[in-house]
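Visitor: How does the following fold in three dimensions:
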Amino acid sequence: MEQTQNDNKKIVLSGIRSTGNLHLGNYYGALSKFVRMQDDYDCRFFIADLHALTTHPDPRTLHENVKDILAEYLAAGLDPEKNIIYVQSDVPEISEMYLLMNMHVGIGELMRTASFKDKARKALGINSDSDDIEKDIIGNQTNQRVNAGLLTYPTLMACDILIHKADFVPVGKDQEQHLELTRRFASRFNNFYKTDYFGKPVNFNFGGDAVKVPGLDGSGKMGKSEGNCIYLIDDEKTLRKKVMRAVTDEGPKTPGQPVSQPVENLFTLMDLVSGKETTDQYRAAYADCSIRYGDMKKQLAEDILKVTLPIRERILDIRSNEEYLSKVVRRGAEQARAYAADTLRDVREIMGIRRI
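Guide: Numbers count the residues shown, from 1 in each chain. From the prediction side, this is the model:
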């Protein structure tokens, strides 16, 4: 299947690891924006099941997670007729390019990435602020180990991006270093082979401030590993229970006192799902010490449900249609492989890997 890049549209690439259901943070931080941009850009969205392997998921769970996220992509409004939607492992060209690109990547620069140091220490159960991660790994006396896939995660991410020659890659703050490494690897490849083959992808700016959706635990952003999520698939009873248990404080004691972080988190969620007018009413109640957190949480839960329940219904409907899911990813793989094969062929030629 021969493909040619649409010269009139910039290429946007984004992927999410298949490690669990999508949550409200994924929706407001990315998915809802992807839906708005799918008419104006050449969008390619994938499910990163190869990246998920660094945490050694149960094979059956991994497979089911891929289908869950695919259904959630579609239910949120991503149109397979407008976007290329595929599973990472369905494009074997990525894995081959991952091998080739690793020949130009240094172990030291990979070990210095913040995410590797954090995840390696977490895998080993080490609490240390030392920058000498190599010493921590070598000196580890437990039976735990840090797998090479975790170390070379940035190379695989770079290949995801470069194999499509993406112009824009929407990433959060925690992934900005990896995107910078992608640009570095691209420049290194170009300089080594005296070519200008790869461009330099940049973070996608949706306009305005980035949306940071807080969790329900009173601190930090909503995240799967934090256990503080509202999932798009949550049923009504589960969602209400989560919101009613959200961390708050003892309540304001004096008029005009600063808002505590846990309560500010709930106000931020209200801004997203309820609107500024509703949020302002509860902020005013906080300011004059008349706020009732129970009432506020009931309002918040009600407004979140207005957003998530329609999506949940679509998720369940799409998820039950295995034939449709299979059709979407087969088509997406065919389209993605066409672009990836072109890039891989060129990279092999540039590197001198040719048939005799």
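Visitor: Let me know the average pLDDT across stretch 341-356.
Guide: Summarised as a single mean, pLDDT over stretch 341-356 is 95.
Visitor: Next: stretch 17-35.
Guide: Along stretch 17-35, the predicted local confidence has a mean pLDDT of 90.
Visitor: start to end distance for that stretch?
Guide: Across stretch 17-35, the straight-line distance between its terminal residues is 19 Å, by CA to CA, to the nearest Å.
Visitor: tell me how far it is from the chain's mean position?
Guide: The gap between the average C-alpha position of stretch 17-35 and the chain average comes to 7 Å, counting by CA atoms, centre = their mean, to the nearest Å.
Visitor: And stretch 69-83, by the same measure?
Guide: 15 Å.
Visitor: Give me the contacts around it.
Guide: Residues outside stretch 69-83 that contact it (CB atoms under 8 Å, 6 or more residues apart in numbering) are 16, 18, 21-22, 27, 31-32, 34-35, 38-39, 43-45, 47, 85, 87, 232-233, 311-312, 314-315, 317-319, 325, 328-329, 331-332. All C-beta atoms are positioned from the backbone trio N, CA, C, and that covers glycine.
Visitor: how about 6 Å then?
Guide: Here stretch 69-83 makes contact (CB atoms under 6 Å, 6 or more residues apart in numbering) with 18, 22, 31, 35, 38, 43, 45, 47, 232, 311, 314-315, 318-319, 325, 328.
Visitor: First-to-last residue distance for that stretch?
Guide: One end of stretch 69-83 sits 16 Å from the other (CA to CA).
Visitor: picking up where we left off before, now go through the contacts of stretch 69-83 and say which are in strands.
Guide: 43, 45, 47 (DSSP state E).
Visitor: list the contacts for the first one?
Guide: Contact analysis of residue 43 by CB under 6 Å, 6+ apart lists 12, 83.
Visitor: beta partners for it?
Guide: residue 12 (DSSP bridges).
Visitor: And for the one 5 residues further on?
Guide: When bridges are assigned using DSSP bridges, the partners listed for residue 48 are residue 17.
Visitor: thought it was touching residue 88?
Guide: Yes - shown here, residue 48 and residue 88 form a contact pair, counting by CB atoms under 6 Å, at 5.0 Å.
Visitor: Tell me which stretches of the stretch 251-356 of the chain form helices.
Guide: 261-273, 276-287, 293-319, 322-351 (DSSP state H, counting those that start in this stretch).
Visitor: Pick the most deeply packed of those.
Guide: Most buried of the helices of the stretch 251-356 of the chain, by mean neighbour count (mean count of other CB atoms under 10 Å): helix 261-273, with a mean of 19.
Visitor: what angle do that helix and helix 276-287 make?
Guide: Regarding helix 261-273 and helix 276-287, their directions subtend 160 degrees when assessed with axes from the mean of the first three to the mean of the last three CA atoms, to 10 degrees.
Visitor: What helices and strands are in contact with helix 261-273?
Guide: Counting contacts by 3 or more CB pairs under 6 Å, 6 or more residues apart in numbering; DSSP states H and E, helix 261-273 is packed against helix 276-287, helix 293-319.
Visitor: Under the pLDDT cut-off, which ranges of the stretch 151-300 of the chain? List them.
Guide: 174, 207-210 (pLDDT under 70).
Visitor: need the strands for it, in chain order.
Guide: Ranges of strands in the stretch 151-300 of the chain, per DSSP state E, counting those that start in this stretch: none exist.
Visitor: Around the closest residue to residue 293 other than its chain neighbours, how many other residues sit close by?
Guide: Counting by CB to CB, 6 or more residues apart in numbering, residue 248 is the residue found nearest to residue 293 once chain neighbours are left out, at 4.9 Å. Residues lying near residue 248 (other CB atoms under 10 Å) number 17.
Visitor: Next: residue 254.
Guide: Residues within reach of residue 254, counting by other CB under 10 Å, total 6.
Visitor: And the pLDDT at residue 336?
Guide: Residue 336 is assigned a predicted lDDT (pLDDT) of 98.
Visitor: contacting residues around residue 17?
Guide: 48, 51-52.
Visitor: So among those residues, which ones count as buried?
Guide: By neighbour count, with 16 or more other CB atoms under 10 Å, the contacts of residue 17 hold 48, 51-52 as buried.
Visitor: Return the closest of the ones in strands among the contacts of stretch 69-83 with respect to residue 346.
Guide: If you rank these by distance to residue 346 using CB to CB, residue 43 comes first, at 22.7 Å.
Visitor: Distance-wise, check that closest one relative to residue 78.
Guide: Look at residue 43 and residue 78: by CB to CB, to the nearest Å, they are 8 Å apart.
Visitor: And for residue 64?
Guide: Taking CB to CB as the measure, residue 64 and residue 78 are separated by 20 Å.
Visitor: Show me which of those two is the more surrounded one.
Guide: In terms of neighbours (other CB under 10 Å), residue 78 is the more surrounded of residue 64 and residue 78; the figures are 19 against 14.
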